[in-house]
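Q: Model the structure of this input:
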Amino acid sequence: MSSKNTPLPLPTRSATTGYKKGDETRERILGVALSAFGNSGFAAVTTRQIAEEAGINLPALNYYFGNKEGLYLACAHEILARYREGMESVSQAAFASLQGPPDPSGARTQLKLLLTTLARFLLLSASTNNRLFVQRELADPGPAFEVLYAGLWQPGIELVAQLIVAASGERLTAAQGRVRAVLLIAGLTGFQSGAPVISRAMGEADSLAMVIEALEAQIDALAR
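A: Next up is the predicted model:
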């Protein structure tokens, strides 16, 4: 990826207050941009619009992010950072479990931990703006697609697929593991994006508890 597509780093400041003020301004711009891009898409949003909503002038926005594409890519990196915050420790434990001798039971345990953590993150923690941003990149790939694919989708699918193969006692091939991984992950994201419909259809039922129960049943079925 060329340097013009990379979000510009914060310039160096000599005073601590400069860093704090700069960080707050950058975070405010990102919050406005995630909302604008998530709701309207890359093409429909202007940097002038974002600058006005963030309460800054356009040169200040360019100072932090370079241009519109730089800001859009910074939004994608912000989403990756939130996912890593919520998922990194359990992902690392799952990956480490695959480095030892084959252990189908242990792989099923790690797979349950990983996917139930993802379910809680998607249904309880992920913001609407982040979800809309990601959905737009999936439906109509734009400047951030490769960032999200390389940093989120591809490694997530591969890790889940490897755990599925290990949990099956290696009865499944790598390709079969990937298909099942995509189905499991897509099912969770479907619950997230379709939350209003699902909530109405399920009434007072605890949808998160039922999702986790269903996930664990699917994982246990890998032993059979």
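
Q: tell me the centre residue of the chain?
A: Tyr83 (4.7 Å; C-alpha atoms, centre = their mean).

Q: Surely that one and Phe121 touch.
A: Yes - with contact defined as C-beta atoms under 8 Å, Tyr83 reaches Phe121; the gap is 7.4 Å. C-beta here means a position set from N, CA and C on the backbone, and glycine is covered the same way.

Q: could you pull out the helices for the chain?
A: Remark: helices assigned in the chain by DSSP state H are 16-40, 47-54, 58-65, 68-97, 104-120, 128-139, 145-148, 154-167, 174-193, 195-202, 207-220.

Q: hey, least reliable of those by pLDDT?
A: When the helices of the chain are compared by mean pLDDT, helix 195-202 comes last with a mean of 67.

Q: hey, C-alpha coordinates of stretch 74-85 in PDB?
A: Only the C-alpha atoms of stretch 74-85 are listed here, as PDB (Å, rounded to 0.1, in the frame of the first residue of the first chain):
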ATOM      1  CA  ALA A  74      -7.800   5.700  10.100                       C
ATOM      2  CA  CYS A  75     -11.400   4.800  10.800                       C
ATOM      3  CA  ALA A  76     -10.700   1.200   9.700                       C
ATOM      4  CA  HIS A  77      -7.600   1.000  11.900                       C
ATOM      5  CA  GLU A  78      -9.700   2.400  14.800                       C
ATOM      6  CA  ILE A  79     -12.200  -0.500  14.300                       C
ATOM      7  CA  LEU A  80      -9.300  -3.000  14.300                       C
ATOM      8  CA  ALA A  81      -8.100  -1.600  17.500                       C
ATOM      9  CA  ARG A  82     -11.500  -2.000  19.200                       C
ATOM     10  CA  TYR A  83     -11.700  -5.600  18.000                       C
ATOM     11  CA  ARG A  84      -8.200  -6.400  19.300                       C
ATOM     12  CA  GLU A  85      -9.000  -4.800  22.600                       C
END
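
Q: Next, the buried residues of it.
A: 74-76, 78-80, 83 (16 or more other C-beta atoms under 10 Å).

Q: now those residues as CSV including distance to Leu132?
A: Formatted as CSV, the buried residues of stretch 74-85 follow (distance: C-beta to C-beta, whole Å):
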residue, distance to Leu132
Ala74, 17
Cys75, 11
Ala76, 13
Glu78, 14
Ile79, 11
Leu80, 16
Tyr83, 15
